[in-house]
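Colleague: A structural model of the following input is requested.
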Amino acid sequence: MYKQVLRLMTICVVSISLIFMLSGVAAAKKVLKLQLVYPKTSSVAANSLFFADKVEKLTNGEVKIKIFYPGQLVKAKEGLTAMKRGMIDGYIGSMLYFAGVIPEVNGEWLPFSWKNVSEAMDIYYNYGYLDIMRKATEKHDCYYVAPISVAKMGLMTKFPINSIEDLKGKKIRAVGMEGRIVKALGGSSVALSGAEQYTALQRGTAEGTDYPWYTLRDYKFFEVVSYVSSPPLHSPGIVEILLNNKVWKKLSSDEKKAVNLAGFLTSIHSANLSEKNDREIIDFCRDNNVKIVELPNEELVKMIKVLKPVYEDHLNSSDLCAEQVETLKSYFNEMEIIHPLF
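Modeller: Residues are numbered from 1 along each chain as shown. The predicted structure follows:
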């Protein structure tokens, strides 16, 4: 579905490019500073650079995105406050750090919410999930540009998970909805930023993490964990491109269209990269002695049972959270897809 939309959006790319080429006198160039919370080796970094390139090209150089890597401007947990105060113009990364303030963020991380990138992109762009998130972030002076897919994501641990009993009391790095999931499964969540978890896993202060599988390779997590639990909790995980709302409103109408289009193209680019990473990581695990442990069906049934209250709690967190859950239900009903948690 999202590939069909991409073909239609090609017309918009040409149209917007022509608008800037034929617009006559150029406006003063705008340089926007965006804090990225992931390292240069991450797939999100690659997608961020793709976004910056598309924005510059689609605005004929009138808007430029400058990417800052972890800690160069602000720390990940400071991102929302920094945007509100105008310290940064935008943020690229997971909003789970802000889930206590923006509960709708957890709706992007509900367990087993979608099973592939096609479903995720369809739900965001054709069934209103992106609009819901824009309503949620607008309340906090932020504009949600686009979702970025970060590949299959789930539990990577120092111990095998053959049953949910194996998680009892285990210290798992998890924030926001991830923490709720870990707690529901009997584990103990450890709230650490992405940059802190390698050392925590190395030292044993964390015994596992809920994180994208491809980081076994790109972050060298294969050095500190030995097992991957399948099925993944998120297929794919989603992080966000955000802009300070004041910065967004200062853009011209044509610039806004260009930035939104760049965001959409980045979503599609990230979906393709996500699928590529998912294919490659299977061979990487085999070649580096990381065992993928498939949860037995009877244990998966138990897991789904204990995770159902997570959906119920989210539904009751706000009107927009309820709208998220209803949107998912409507999508799967319309697609005639049986969803294990509805």
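Colleague: What is the three-state secondary structure of I172?
Modeller: strand (DSSP: H, G, I helix; E, B strand; the rest coil).
Colleague: How much space separates it from Y38?
Modeller: 20 Å (Cβ to Cβ, to the nearest Å). C-beta: built from backbone N, CA, C; applies to glycine.
Colleague: So for the two, which residue has more residues nearby?
Modeller: Per other Cβ atoms under 10 Å, whichever of I172 and Y38 has more neighbours is Y38, with 26 against 23.
Colleague: What helices and strands are in contact with the lengthiest helix in the chain?
Modeller: As assigned by DSSP state H, the longest helix anywhere in the chain is helix 253-287. Here helix 253-287 touches helix 2-21, helix 43-58, strand 63-68, helix 117-126, strand 142-149, helix 215-218, strand 238-244, strand 291-294, going by 3 or more Cβ pairs under 8 Å, 6 or more residues apart in numbering; DSSP states H and E.
Colleague: Poorly predicted segments of this protein, please.
Modeller: Across the chain, the ranges flagged by pLDDT under 70 are 1-28.
Colleague: Okay, domains of it per the record?
Modeller: For the chain, automatic domain parsing gives the domain ranges 2-151+236-278, 153-234+280-314.
Colleague: Figure out which of the ones you listed is closest to N333.
Modeller: domain 2-151+236-278 (11.3 Å; Cβ to Cβ).
Colleague: got the contact list for the nearest residue to Q324 once chain neighbours are set aside?
Modeller: Spatial nearest neighbour of Q324, excluding adjacent residues (Cβ to Cβ, 6 or more residues apart in numbering): G107 at 3.7 Å. When contacts are counted by Cβ atoms under 8 Å, 6 or more residues apart in numbering, G107 touches I132, M133, H314, L320, C321, Q324, V325.
Colleague: now that we have those residues, which one has the most neighbours?
Modeller: That'd be Q324 among the contacts of G107, by other Cβ under 10 Å, with 28 neighbours.
Colleague: contacts for the one helix or strand that residue maps to?
Modeller: For Q324, the host element (DSSP states H and E) is helix 319-334. Helix 319-334 has contacts (Cβ under 8 Å, 6+ apart) with 103-104, 106-107, 110, 113, 119, 122-123, 127-129, 132, 135-136, 311, 314-316, 338-339, 342.
Colleague: One more: stretch 73-84?
Modeller: With Cβ under 8 Å, 6+ apart, stretch 73-84 has contacts from 33, 35, 37, 70, 87-91, 93-95, 97-98, 101-102, 140-142, 193-195, 242-244.
Colleague: okay, how far is it across it, tip to tip?
Modeller: 14 Å (Cα to Cα, to the nearest Å).
Colleague: tell me which residues in it are buried?
Modeller: By 16 or more other Cβ atoms under 10 Å, the buried positions in stretch 73-84 come out as L73, V74, A76, E78, G79, L80, A82, M83.
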